[in-house]
Structure formats: C-alpha cells, structure tokens
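Colleague: build me a structure from this.
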Amino acid sequence: YSLADYEAHMRSAAPWLNHIGGVGVEALPNDDRGADEMEWAMKAVHEASTAEKRYTFSARLNLLSPSAAAEVDRLVSMGIVAVRQILNFEPPWPFVTENLLRNEAWIAELKALPSKGIKIFELHCNTHQLLEAAAIVEQCPQLTFVLNHMGNRRDGVDDYRVWLTGVTAIAASKHCYVKI
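Modeller: Take a look at the predicted model:
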C-alpha cells in the first residue's frame with residue numbers, strides 16, 4: 001500500500017474532503033526509539049517525492065529519558081517539529097509509571113521544547129487528568145498543544161462532567177487544538 005494508493009483511496013472514499021496531506025504518528029511501543037521510527041517513516045515519504053500533498057510526523061519522545069536531548073536534536077535535524085508522550089495514568093498505559101503532569105522535571109523539559117526547535121506537543125492523557133493538563137498548557141505559551149482523541153473520554157466509564165470541565169478548561173487556551 002503506497003502513498004499513491006492512499007491518496008487515491010482518499011479521493012474515492014471522501015471526494016468532499018479537501019485532503020491536503022497528513023500527519024504520521026508514532027507507533028512503536030518502545031519509548032527510546034522515536035527518532036529511529038521517524039527516520040524510517042520519513043524515508044518512506046521521501047521515496048514518494050512525487051506526492052502532491054504535504055506530509056509530516058509527530059514523534060514519540062520520553063522527555064525524562066537520558067537520551068531525550070539527543071533524540072530532540074535528531075528529530076529537529078529531520079524537520080520534525082511535533083512530539084508526543086502518552087501521559088495516561090490511573091489507569092496507566094504501558095511505560096507510564098507516574099503522573100508526569102505532577103513531575104516538575106518533566107514539566108521543565110516540556111517548557112524547554114520550543115527553545116530546542118519543537119513547536120507542537122500532542123497531549124494524550126486520561127479524562128481525570130485534563131484539568132491538570134490545562135494548567136500546564138497555560139504554563140507553556142510558546143508551545144502549541146494538540147489534545148488527542150478529544151480528551152479520551154470513554155463512554156460509560158468516564159464521568160461526562162469531569163470530561164466536559166477538563167475539555168472546557170483546555171479549550172480556553174489560545175494555543176491548544178483538538179484531534180479527534
């Protein structure tokens with residue numbers, strides 16, 4: 001399935017959609033290989049240099065990894081300006097061992113991303129973490145945030161009011177967008 005196949009599929013499946021490009025998102029489960037994955041993905045897109053659309057990527061980045069600074073340098077050298085780190089805690093996702101939204105070292109690394117060339121952070125957290133996330137978004141005015149999956153509300157599991165309060169707080173920010 002090539003990029004040309006994908007573009008043809010988009011034209012036929014949704015002719016009403018103005019498809020201008022796409023964003024590839026990290027997929028490997030290992031937190032320490034985000035730049036390796038992006039190098040592979042970007043090579044795939046560069047091989048399709050005849051593409052008429054614009055494609056970019058959001059790489060996985062563990063901000064507290066000992067190799068985080070080197071990873072950021074590699075990503076920026078490849079033209080990557082967006083990163084994400086899954087923050088879901090209680091219940092946790094794989095590789096999430098604490099609520100990073102309460103970790104001062106993590107917050108300091110997040111705040112430093114724009115000075116290193118990273119402009120976008122994809123925010124992926126649980127519904128009950130949205131208010132904490134909103135407070136951190138406000139502490140990072142130079143960073144654009146993308147709230148993934150509309151705040152991850154799980155129907156029948158998460159309290160609608162908790163989700164709505166959190167999403168409303170994040171929506172008040174002028175530098176946060178929502179991805180469905």
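
Colleague: give me the most central residue, the chain.
Modeller: Nearest to the mean C-alpha position of the chain, by CA atoms, centre = their mean, lies Glu122 at 2.6 Å.

Colleague: give me the next element, helix or strand, following the longest strand seen in the chain.
Modeller: What stands out as the longest strand in the chain, according to DSSP state E, is strand 54-60. Of the helices and strands lying after strand 54-60 in sequence (DSSP states H and E), the nearest is helix 68-77.

Colleague: quick one, phi psi at Ser67?
Modeller: phi -100, psi 10 (degrees, to the nearest 10).

Colleague: that older thread, how near is the residue nearest to the residue nearest to the centre of the chain when sequence neighbours are not counted to Asp36?
Modeller: Nearest non-adjacent residue to Glu122, counting by CB to CB, 6 or more residues apart in numbering: Arg84, 3.4 Å away. (C-beta placed from N, C-alpha, C; glycine too.) Using CB to CB, to the nearest Å, one gets 16 Å for the distance from Arg84 to Asp36.

Colleague: and these two? which has more neighbours close in?
Modeller: Arg84 (19 against 14; other CB atoms under 10 Å).

Colleague: secondary structure element for the more buried one?
Modeller: Secondary structure assignment for Arg84, by DSSP H and E: strand 82-86.

Colleague: same for that strand, what does it pack against?
Modeller: strand 54-60, strand 120-124 (3 or more CB pairs under 8 Å, 6 or more residues apart in numbering; DSSP states H and E).

Colleague: the longest one: how far from the chain's middle?
Modeller: Read it as strand 54-60. In terms of CA atoms, centre = their mean, to the nearest Å, the centre of strand 54-60 is found 9 Å from the chain centre.
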